[in-house]
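> coordinates only, no sequence provided:
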Ligand SMILES: Nc1ncnc2c1ncn2[C@@H]1O[C@H](COP(=O)(O)OP(=O)(O)OP(=O)(O)O)[C@@H](O)[C@H]1O
Ligand code: NI
């Protein structure tokens, strides 16, 4: 049976800032099954990073957090700091956008991987070092036996991200959360690191929550997609369904802007403040009706597909979704052939040759 390894229900992360309360995450629900990749997509500021940080207990500013985050049946929000540290080090790994910052400049990469290994299991320092070299090879670093003694600053950004992946793997995690893991890298290297992640996820059998703005990456990796707007999910479903039939008006705008058919993401981000009630998108939505202003519309099956759901009144029983579905197929058509990640060339060596 394919049960959820992570289950997030009605998560709210309200930050207390000098300027008042920021509803960074505001009613977010999604599930991640074993060995699957779930992509979180949505424009800048939609709450993707805050959601990841809340799940792993890393919210920086003072915040009020409500809802439920169940990892393998255990409620993470109820854990003490030390309990959470143990889950985080052992079973949930995190990959950041900027690996140089995530690595410690004063320790060799071998020491940092070895530390992650010994945190996870009782092992001698020789064994940990040996294992570190193996892991460096696994993540495609050439000359791992020499590189193990190098410092982060001696490596390129792409190699550092490979090292960060090795550190993540050291704990043999059940879940890897990767927040824009390649967006800081040269575009030619992005595809290779994404391929590596996908390959490792399959071989090492962990689940992956991937935050990315690159819908080509989403198209090539995601099993499921969650579309966020204003801190809440507006659409979720199997990747092929969501990409080929983006049902929520916001998803349609977002996907259109990516394919160059609509407005750019910047102009999406500079819209009016997002209203805290009703459909978060109602002010921007040309299909909005009175019901959209009252409360967040319940999720409804899109075109009779129970596993593809959108929080939009048009998919309920009272309205005709015809125009939206028509537009969905038009926008989605661009993703029918978009299954190659960026920077992908016909032959990939899978290694760090030019990084
Ligand atoms: N440290 C902070 N202090 C105050 N507000 C914050 C802080 N971090 C994030 N926010 C706000 O929380 C909301 C969600 O931000 P978050 O970083 O999660 O968005 P995101 O979807 O990850 O965006 P991006 O795609 O740009 O990374 C935004 O409105 C943002 O301005
Ligand atoms: Ni972010």
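Received it, and whenever you're ready, just let me know what you need. Note that the structure is a prediction, hence the values are computed from the model and not measured. Ligands and ions are numbered 1, 2, ... in the order given.
> for the stretch 101-250 of the chain, which segments are assigned as strands?
Ranges of strands within the stretch 101-250 of the chain are 175-179, 207-211, 224-229, 232-238, based on DSSP state E, counting those that start in this stretch.
> is it possible to export those to TSV including mean pLDDT and mean neighbour count?
(C-beta placed from N, C-alpha, C; glycine too.) Compiled in TSV, those are given as follows (pLDDT from 0 to 100; neighbours: other CB atoms under 10 Å):
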stretch	mean pLDDT	mean neighbour count
strand 175-179	97	24
strand 207-211	98	25
strand 224-229	98	26
strand 232-238	97	25
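> with distance to residue 186 added, can I get the ones you listed in a markdown table?
Listed next are the strands of the stretch 101-250 of the chain as a markdown table, based on distance: least, CB to CB, whole Å:
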| stretch | distance to residue 186 |
| --- | --- |
| strand 175-179 | 18 |
| strand 207-211 | 19 |
| strand 224-229 | 26 |
| strand 232-238 | 32 |
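> OK, now which residue of the stretch 1-150 of the chain is nearest to ligand 2?
residue 49 (3.1 Å; CB to the ion).
> surely that residue and residue 212 touch.
No. Between residue 49 and residue 212 there is no contact under CB atoms under 8 Å: 11.8 Å.
> tell me which of the two has more neighbours.
Neighbour comparison, residue 49 and residue 212: the larger count goes to residue 212, with 23 against 19 (by other CB atoms under 10 Å).
> let me see the contact set for the more buried one.
39, 41, 180, 182-183, 218 (CB atoms under 8 Å, 6 or more residues apart in numbering).
> try residue 247
Contacts of residue 247 (CB under 8 Å, 6+ apart): 235, 302-303, 308, 310, 312, 315, 321, 324-325, 328.
> of these, grab the buried ones for PyMOL.
Applying 16 or more other CB atoms under 10 Å to the contacts of residue 247 leaves a buried subset, and the PyMOL line that selects it is:
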select buried, resi 235+302+308+310+312+315+321+324+325+328
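> nearest residue to residue 274 in space, please, no chain neighbours.
Nearest residue to residue 274, sequence neighbours excluded (CB to CB, 6 or more residues apart in numbering): residue 230, at 3.9 Å.
> now swap in residue 156 and tell me
By the measure of CB to CB, 6+ apart, the closest residue to residue 156 outside its immediate chain neighbours is residue 355, 4.7 Å from it.
> tell me who's in contact with the one you found.
With CB under 8 Å, 6+ apart, residue 355 has these contacts: 156-159, 162, 186, 189, 192.
> okay but the residue nearest to residue 274 is in contact with residue 280, surely?
Yes. Using CB under 8 Å, residue 230 is in contact with residue 280, at 3.3 Å.
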